[in-house]
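Student: Give the three-dimensional model of this entry:
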Amino acid sequence: MEELEQGLLMQPWAWLQLTENSLLAKAYITKQGYALLVSDLQHVWHEHMDTSVVSQRAKELNKRLTAPPVAFLCHLDNLLRPLLKDGVQPDAAAFSCDHVAKALILRVRSELSGLPFYWHFHCSLASPSLVSQHLIRPLMGMSLALQCHVRELATLLRMKDLEIQDYQESGATLSRGRLKTEPFEENSFLDQFMVEKLPEACDVSDGRPFVMNLQSLYVAVTKQELQVRQKRQGAGDPQTSSSASPGGTDGQLLSQPEQPVSSEASSSAPEKEPTGTAGLMQRPQLSKAKRKKPRGLFS
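Tutor: From the prediction side, this is the model:
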């Protein structure tokens, strides 16, 4: 699995409230490109771009800006981070989405070095295997984990009942009667839960409850499954374990502090992607072209 796709898999889902509708989204950005996954709970869309395509799209949408791809990726990171973290549009950018045929286009409008900056995420329908990796298998794993969690809690409650019974048989009494409880009966509890709590507990709504309450478990499950997959593919292979880690020197930009754009740059040198972090500091330059605007059940 490529670094971008593997990194995307281990990202939590975020809930986005746009003017048109609400969406679930996750993104992973590095110096090599980005991967984006978006869903409206009816469809799932995906886009994967490397630096060469990033550079080409940047030129098409921003005629007056010239910069290495990593500079545009850093700016996109700075725009997406608050959106994915807070679920609302930051003041520094405007987001909108359009449906074109079977694709979804997420449009971004902001400023970069005092000039208008535009970006379009062209997301096509995700493949069944991708949907399985990011939703079906993780959700099944989460259901099994929560079921195991419930069983452990039920066992603990039965042990507590035995402890209380032992106290009572030894002559202990409650000092406050309101604290008295009946012995735990798992079957009765589950029957009552199905009748009284299930309708509210399984209300998916717009996906926000899933995002707000279960993302730590989602990330833990996807990480566990990825580790199992890596062991099956090549146990003890240093190259496999090295390439499988997305947290190296070119790790996700979303986890790094914001990088300001430097006022220094070369306008005559040919465009070239820097290999160090200094590449994030280059200022986009004006070109000679004319200006154009282009809880689940048991949580």
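Student: Could I get the full set of strands for the stretch 101-250 of the chain?
Tutor: Ranges of strands in the stretch 101-250 of the chain, per DSSP state E, counting those that start in this stretch, are 103-112, 115-125.
Student: Take those strands and lay them out in JSON lines including mean pLDDT.
Tutor: Converted to JSON lines, the strands of the stretch 101-250 of the chain look like this (pLDDT from 0 to 100):
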{"stretch": "strand 103-112", "mean pLDDT": "93"}
{"stretch": "strand 115-125", "mean pLDDT": "94"}
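Student: Kindly reformat those as a markdown table containing distance to Arg151.
Tutor: In this view, the C-beta of every residue, glycine as well, is placed from N, C-alpha and C. As requested, the strands of the stretch 101-250 of the chain are exported to a markdown table (distance: least, CB to CB, whole Å):
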| stretch | distance to Arg151 |
| --- | --- |
| strand 103-112 | 40 |
| strand 115-125 | 38 |
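Student: In JSON lines: these, plus distance to Val131 and mean neighbour count.
Tutor: Supplementary listing: the strands of the stretch 101-250 of the chain in JSON lines, determined by distance: least, CB to CB, whole Å; neighbours: other CB atoms under 10 Å:
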{"stretch": "strand 103-112", "distance to Val131": "14", "mean neighbour count": "17"}
{"stretch": "strand 115-125", "distance to Val131": "9", "mean neighbour count": "17"}
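Student: Look up the pLDDT of Arg81 for me, please.
Tutor: Arg81 carries a pLDDT score of 88 in this model.
Student: again with Ser267
Tutor: Ser267 is assigned a predicted lDDT (pLDDT) of 37.
Student: Just checking, which helix or strand of the chain averages the lowest pLDDT?
Tutor: Within the chain, no helix or strand scores below helix 238-243, which has a mean of 44 by mean pLDDT, DSSP states H and E.
Student: residues contacting Phe193?
Tutor: If a contact means CB atoms under 8 Å, 6 or more residues apart in numbering, then Phe193 has Ala201 as its contacts.
Student: how near is it to Phe72?
Tutor: 50 Å (CB to CB, to the nearest Å).
Student: now swap in Gln165 and tell me
Tutor: Relative to Phe72, Gln165 is positioned 67 Å away (CB to CB).
Student: do Ser96 as well
Tutor: Plainly put, Ser96 is 19 Å away from Phe72 if you go by CB to CB.
Student: Who has more neighbours out of those two?
Tutor: Phe72 (23 against 13; other CB atoms under 10 Å).
Student: The nearest residue to that one once chain neighbours are set aside: how many residues sit nearby?
Tutor: Excluding its sequence neighbours, the residue lying closest to Phe72 (CB to CB, 6 or more residues apart in numbering) is Ala58, at 4.9 Å. Neighbours of Ala58 under the rule other CB under 10 Å: 25.
Student: what's Ala58 in contact with, if anything?
Tutor: Applying CB under 8 Å, 6+ apart, we find Ala58 in contact with 65, 67, 69, 72, 119.
Student: Surely it is within a strand?
Tutor: No. Counting by DSSP: H, G, I helix; E, B strand; the rest coil, one finds Ala58 to be helix, located in no strand.
Student: Could you measure from it over to Leu112?
Tutor: Relative to Leu112, Ala58 is positioned 10 Å away (CB to CB).
Student: got it, and Ser143?
Tutor: Taken as CB to CB, the span from Ser143 to Leu112 is 44 Å.
Student: what do you get for Leu24?
Tutor: 27 Å.
Student: again, but for Pro90
Tutor: Counting by CB to CB, the gap from Pro90 to Leu112 is 14 Å.
Student: and Thr51, which of the strands of the stretch 101-250 of the chain is closest to it?
Tutor: For the strands of the stretch 101-250 of the chain, proximity to Thr51 was assessed by CB to CB; strand 115-125 is nearest, at 14.5 Å.
Student: Who are the packing partners of that closest one?
Tutor: Applying 3 or more CB pairs under 8 Å, 6 or more residues apart in numbering; DSSP states H and E, we find strand 115-125 packed against strand 33-39, strand 44-50, helix 51-61, helix 69-86, strand 103-112.
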